[in-house]
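S.K.: Predicted model and sequence follow; I will ask about them next.
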Amino acid sequence: MSIAIADHVRNIPRSGIRDFFEIVQTMDDVVSLGIGEPDFATPWHIREAAIYALERGRTGYTSNLGLPRLRRSISDYVCRKFGLAYEPLSEVLVSVGVSEAIDLALRALLNPGDEVLYHEPCYVSYAPSITLARGVARAIETSAEDGFRLAASDLEAAITPRSRVLMLNFPTNPTGATMDPADLEEIAAVCIRHDLVVMTDEIYSELIFDGGTHTSIASLPGMKERTVFLHGVSKAFAMTGWRIGFACAPAALIEAMMKIHQYAILCAPIMGQDAAIEALERGDQSVEKMRKEYELRRNFITGSLNDMGLDCHKPKGAFYVFPKVFGLTSKEFSLRLLSEEKVAVVPGTAFGASGEGHVRCSFATGLEQIKVAMERMAGFVMRLRSQAPAG
């Protein structure tokens, strides 16, 4: 018997990141700048809170929406950090990472054929998630020359009568791009004018450098009621494996998302929820310590890449750099760097067609490993330049 796979699933490409790292797994002595995962262990006080909860036998189901105590912690945290007031019992949903929250929001919002606009290069799951929700993914290209920011004029030009949702991710994976409040105000005006719902993925918002601050588009006038605010504990709190994300949105949309969540997932793991309470209520000091270390690594890796002749803008957030490469495609550069120098970076095309000509390097890796990677990479770039045809 031949089993026919649904067209919209069969035609989705496999993750460019995961495919590349299948190759990495077969090699020894590789320095990886590829995976966007903090090299820090979850801070001890957060782990201790989870251990204590387990010792008390907290191993059962929770409300589909998440523990009421955690939803109150989320509401307080989002108010304190972003100036946003959400009712914890009706406007907050705890999800299995931000990825599930994105899926829930898209499925709750889209009818078949509705368009979702998003800026590219972007996280690898955005376009496939839109397709799986039976929407139409429409990328808006951004460039290094503009700091990979989304321009309101480009957004306006991409809107059609079928446009329904705008997805934002600032600070951005893979570029580390951020948006100034004035830029966001222009984007917000376009969204209001065209009645777009905004999904804003702010998972890297605590990781801002150079003394900068982060503004959520949901905090701007007229935006909270049309915005799904997405966040979680994975990146800033070094809790990737705990799989706790959350969505804050108007009650009617949270109710729709909850209906999908309760049939597909039921609830996020209670152990992760208990740990997240500790993180959100008492984790600021741990986050700041890690943020300072990331900033040191960012300064080193950006300087090293520019010194070896790879144009690299200095990201203001997240823990990625997105240097330009030369002489080879992004994939060729990454494969040869891996083969010849055993350094793993991600081809820019994993983040959309507009990522061609770039590679993503994560500085979530420890500084000593980054130093080894930069030394090896500099040798590769020098060799590549010497092999280039004259003129």
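M.R.: Ah, there it is.
S.K.: Spell out which residues make up each domain of the protein.
M.R.: The chain is divided into the following domains under automatic domain parsing: 7-42+285-385, 60-282.
S.K.: tell me the most buried of those?
M.R.: Mean neighbour count, computed with mean count of other Cβ atoms under 10 Å, is highest for domain 60-282 among the domains of the chain, reaching a mean of 20. Backbone N, C-alpha and C define where each C-beta goes, glycine included.
S.K.: How far does that one stretch from one end to the other?
M.R.: Start-to-end span of domain 60-282 (Cα to Cα, to the nearest Å) is 24 Å.
S.K.: Please apply the same query to stretch 186-204.
M.R.: Taking Cα to Cα as the measure, stretch 186-204 stretches 22 Å from start to finish.
S.K.: residues in contact with the residue nearest in space to the middle of the chain?
M.R.: Closest to where the C-alpha atoms of the chain average out (Cα atoms, centre = their mean) is residue 173, at 4.9 Å. The contact partners of residue 173, taken as Cβ atoms under 8 Å, 6 or more residues apart in numbering, are 36, 122, 123, 204, 318, 320, 351.
S.K.: Could you do residue 223 as well?
M.R.: 188, 191, 192, 198, 217.
S.K.: which one is residue 233 nearest to, not counting chain neighbours?
M.R.: residue 239 (4.4 Å; Cβ to Cβ, 6 or more residues apart in numbering).
S.K.: Please look at the one you found and residue 49 and confirm they touch.
M.R.: No: the pair residue 239 and residue 49 does not pass the contact test of Cβ atoms under 8 Å, sitting 11.6 Å apart.
S.K.: Give the intersection of the neighbour lists for these two.
M.R.: Both residue 239 and residue 49 are contacted by residue 275, under the criterion Cβ under 8 Å, 6+ apart.
S.K.: can I assume residue 262 is in contact with residue 66?
M.R.: No: the pair residue 262 / residue 66 is not scored as a contact, 11.5 Å apart, by Cβ under 8 Å.
S.K.: Now do the least confident helix or strand in the chain by mean pLDDT: everything it contacts.
M.R.: Ranked by mean pLDDT, DSSP states H and E, the weakest helix or strand in the chain is helix 16-24, scoring a mean of 73. The contact list for helix 16-24, computed with Cβ under 8 Å, 6+ apart, reads 30, 32, 34-35, 124, 334-335, 338, 344, 346-347, 349-351.
S.K.: Convert it to CSV, retaining C-alpha atoms only.
M.R.: C-alpha atoms of helix 16-24 as CSV (Å, rounded to 0.1, in the frame of the first residue of the first chain):
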residue,chain,number,x,y,z
GLY,A,16,18.0,23.8,6.8
ILE,A,17,19.5,24.0,10.3
ARG,A,18,18.7,20.4,11.3
ASP,A,19,19.8,18.9,7.9
PHE,A,20,23.1,20.7,8.2
PHE,A,21,23.7,19.4,11.7
GLU,A,22,23.0,15.9,10.7
ILE,A,23,26.3,16.2,8.9
VAL,A,24,28.0,17.8,11.9
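S.K.: starting at the chain centroid, how far to it?
M.R.: Once both centres are worked out by Cα atoms, centre = their mean, to the nearest Å, helix 16-24 turns out to sit 18 Å from its chain's centre.
S.K.: Stretch 305-323 now?
M.R.: 17 Å.
S.K.: Alright, that wraps it up for me.
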